[in-house]
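A.B. asks: Let me see the structure of the following:
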Amino acid sequence: MTEARIYQPTKTAMQSGHANTRRWVLEFEPSGRKDHDLLMGWVGSADTLGQVRVKFESKDEAIAFATKKGLDFKVHEPTRRRIRPKAYADNFRYQRPS
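C.D. replies: Residues are numbered from 1 along each chain as shown. Got it, this is the predicted structure:
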């Protein structure tokens, strides 16, 4: 049986906001290795579940979907970023750390 993972995607390096990181995603773990086609140079696989990516508004919806379909799943909790408040004026402080 294939295993699915449920996670909240991180923001990309080109993204400054958190617009696409609110949803939860259910993806299937790869069940086989990918093959290299020598003639065309393509990389492919017979595993069609690797193409499935289902998005949900909440973690509970994703878990309910996986249990309803009888899937084995793992939930990967996101690590929260700690934002340190900064001020532009701190750059010009007298006792600024070097």
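A.B. asks: Skip the chain neighbours and tell me the closest residue to Pro78.
C.D. replies: Gln8 (4.5 Å; CB to CB, 6 or more residues apart in numbering). No exception for glycine: its C-beta is placed from N, CA and C like everyone else's.
A.B. asks: just His76 next, same as before
C.D. replies: Leaving out its chain neighbours, His76 is closest to Tyr7 (CB to CB, 6+ apart), at 4.1 Å.
A.B. asks: My read is that that neighbour contacts Glu29, right?
C.D. replies: No - the pair formed by Tyr7 and Glu29 falls short of the contact definition of CB atoms under 8 Å, at 11.7 Å.
A.B. asks: and the residue nearest to His76, what are its bridge partners?
C.D. replies: Residues in a beta bridge with Tyr7, per DSSP bridges, are Val25, His76.
A.B. asks: And it, how far from Arg53?
C.D. replies: Tyr7 is 11 Å from Arg53, where distance means CB to CB, to the nearest Å.
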